[in-house]
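Trainee: I need the structure of the sequence given here:
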Amino acid sequence: MSLILRDPKLLVLLLAGSLTTMTGGVVAPILPDMVQQLELDPGLAAILVSMHSLTLALFSLPLGILADRIGRLRVLVASLLVYAVVGTAGALMESFWPLLATRGLLGVASGGIAAASLGLLANMYEGEARSQALGQATSTLTITGILFPLLGGWVGATHWQFTFYLYGLGLPLALIAGLMLRTKEKTKPSAVERSYKLRQVLRRPYVIWLLITLGLASVAMSSVVIYAPLYLKATIKAGAVLNGVVLASRAIGAAVISAFGASQLAKSIGVERSTALGFGLMAVTLGTIPLLHQLSLIMLTAVLFGVGFGIVLPNLYSTLADFAPAKLRSSVLAIGTGAGYLGQFLCPILLKPVLSSSGLEGVFYVAASVSLVAGLLLILISTKTTFIPPHPPAT
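Mentor: So this is what the prediction gives:
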């Protein structure tokens, strides 16, 4: 908070960066209403929630390179403007394919926001102040991950189209950013310097498996975000507001364990075991969703699922960072982020055949199996891997 009070520019960057969590968070609670009123196929409609994940994963790196070349602020302002325009345009679409196009463009804009805002933030601070600022960014994303599903469900309770108008927040933020963030940007390292031995790192079998595991974790997480609202509407007649509350409960569990328990658990029983434990908790809670019809038990299950995911994600990123030299850490973690978003996008595509053949119950059972297998294989592969810390390049 002291950083924010001393420098309002940080607050602007945090608000702009938080829009990336709003991209999918506000739409998930209103998906059942969209399916019903627009007469969409439920399997295809689920892609609307995750389409932005694919385009964000594909365009965040090139837009980051563009930001380094022409200026981060220019890319940030342009991305915020595009975000506002294509996001609110979704309210005017009345069929699947135009909606899908706007969702894809929204992901591109989100990729530009993420790349430019992170670049500006890292350029504003040095040393401990930079670490504190990045910590503020992480906290903001966690908090908004809780708030945006609630906001989307509340605004969409009257009509699902109203939720899309929330994307218009990108317009005032673009104006504020353009006025407040003008500064002389420092020169970034060359692409050659930042890509030192990247191929060698990515060739390690354990690193490859970590990236795959990040994708599998996102598949399991997205199965709840996408299909739980559809299941709750079908079983307990849950509306947009209640769906938002359930999704927020999942985020609360993840936020609490990530902040207060994940690192301590890893120190106590080891990173691989704690990660496997998190996957196991995700598997158990996913497998029990089709058996629950009481709201109190559903809420408890959502929180426990979030706890499992909150154990898994920080440990996977921490382990991935350990395999990267310091000069490559940002690049490697960016690839991990892309793997996670790719998993979010692939989730409805992979689970659509299951939905068609076995219904929503089958979707949760398959997602539970994915979580269980990911945890078991992580332990198995780690026991056969000898960790050799990366060495910095010779100077």
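Trainee: Spell out the residue ranges of the helices in the stretch 101-250 of the chain.
Mentor: For the stretch 101-250 of the chain, the helices defined by DSSP state H, counting those that start in this stretch cover 127-155, 160-164, 170-180, 191-194, 198-202, 205-236, 240-260.
Trainee: what's the domain layout of this protein?
Mentor: 1-188, 193-395 (automatic domain parsing).
Trainee: Take these and write them to CSV, including mean neighbour count.
Mentor: Bear in mind the C-beta positions are built from the backbone N, C-alpha and C, glycine included. Compiled in CSV, these are given as follows (neighbours: other Cβ atoms under 10 Å):
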stretch, mean neighbour count
domain 1-188, 20
domain 193-395, 19
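Trainee: and the helices of the stretch 101-250 of the chain, which one's lowest on average pLDDT?
Mentor: Note on the helices of the stretch 101-250 of the chain: lowest mean pLDDT is at helix 191-194, with a mean of 50.
Trainee: who touches the closest residue to L350 other than its chain neighbours in this structure?
Mentor: Nearest non-adjacent residue to L350, counting by Cβ to Cβ, 6 or more residues apart in numbering: V219, 6.7 Å away. Counting by Cβ atoms under 8 Å, 6 or more residues apart in numbering, V219 makes contact with G343, Q344, L346, C347, L350, L351, A367, V370.
Trainee: re earlier: ok, which of the helices of the stretch 101-250 of the chain comes nearest T102?
Mentor: helix 160-164 (8.7 Å; Cβ to Cβ).
Trainee: Not counting its own residues, what contacts that closest one?
Mentor: By Cβ under 8 Å, 6+ apart, helix 160-164 touches 26-27, 29-30, 33-34, 37, 87-91, 152, 155-156, 240.
Trainee: which stretches of the stretch 1-150 of the chain form strands?
Mentor: For the stretch 1-150 of the chain, applying DSSP state E, counting those that start in this stretch gives no strands.
Trainee: How about the backbone phi and psi for L292?
Mentor: L292 has phi and psi values of phi -100, psi 140 when expressed as degrees, to the nearest 10.
Trainee: Mind checking what secondary structure the nearest residue to it once chain neighbours are set aside has?
Mentor: Of all residues not flanking L292 in the chain, I298 sits nearest, at 5.1 Å (Cβ to Cβ, 6+ apart). Judged by DSSP: H, G, I helix; E, B strand; the rest coil, the three-state class of I298 is helix.
Trainee: Please verify my assumption that I298 contacts L232.
Mentor: Yes - applying Cβ atoms under 8 Å, one finds I298 in contact with L232, separated by 7.1 Å.
Trainee: where does I212 sit relative to I381, distance-wise?
Mentor: 10 Å (Cβ to Cβ, to the nearest Å).
Trainee: likewise K9?
Mentor: 43 Å.
Trainee: mind listing what A368 touches?
Mentor: Contacts of A368 (Cβ under 8 Å, 6+ apart): A220, M282, A283, V284, L286, G287.
Trainee: For it, report the pLDDT, please.
Mentor: So A368 comes in at 94 (pLDDT).
Trainee: Please identify the helix or strand for it.
Mentor: helix 329-383 (DSSP states H and E).
Trainee: Would you agree L61 is in contact with A115?
Mentor: Yes - if you go by Cβ under 8 Å, L61 and A115 touch, sitting 7.5 Å apart.
Trainee: would a markdown table of the contacts of V219 with distance to S249 be doable?
Mentor: Output for the contacts of V219, formatted as a markdown table (distance: Cβ to Cβ, whole Å):
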| residue | distance to S249 |
| --- | --- |
| G343 | 22 |
| Q344 | 19 |
| L346 | 25 |
| C347 | 20 |
| L350 | 25 |
| L351 | 22 |
| A367 | 18 |
| V370 | 22 |
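Trainee: L181: which of these is nearest?
Mentor: Closest approach to L181 among the contacts of V219 (Cβ to Cβ): Q344, at 29.1 Å.
Trainee: which residues are common contacts for I298 and L232?
Mentor: Residues touching both I298 and L232 by Cβ under 8 Å, 6+ apart: V246.
Trainee: quick one, phi psi at V26?
Mentor: Here V26 shows phi and psi, under degrees, to the nearest 10, equal to phi -80, psi -20.
Trainee: gap between it and V370?
Mentor: Counting by Cβ to Cβ, the gap from V26 to V370 is 26 Å.
Trainee: now A16
Mentor: 33 Å.
Trainee: now G104
Mentor: For G104, the distance to V370 - Cβ to Cβ - is 25 Å.
Trainee: Please apply the same query to V35.
Mentor: Taken as Cβ to Cβ, the span from V35 to V370 is 24 Å.
Trainee: do the same with I212
Mentor: I212 is 11 Å from V370, by Cβ to Cβ.
Trainee: go on, G64?
Mentor: 30 Å.
Trainee: now swap in T21 and tell me
Mentor: Counting by Cβ to Cβ, the gap from T21 to V370 is 23 Å.
Trainee: again with V207
Mentor: Counting by Cβ to Cβ - V207 and V370 are separated by 20 Å.
Trainee: go on, I379?
Mentor: For I379 relative to V370 (Cβ to Cβ), the value is 16 Å.
Trainee: repeat for V86
Mentor: From V86 to V370 the distance is 32 Å (Cβ to Cβ).
Trainee: cool, and V224?
Mentor: 12 Å.
Trainee: what's the answer for S296, then?
Mentor: Counting by Cβ to Cβ, the gap from S296 to V370 is 27 Å.
Trainee: swap in A115?
Mentor: Applying Cβ to Cβ to A115 and V370 gives a distance of 29 Å.
Trainee: ok, now A157?
Mentor: Applying Cβ to Cβ, the value for A157 to V370 is 32 Å.
Trainee: same deal with C347?
Mentor: 10 Å.
Trainee: ok, now Y83?
Mentor: Applying Cβ to Cβ to Y83 and V370 gives a distance of 31 Å.
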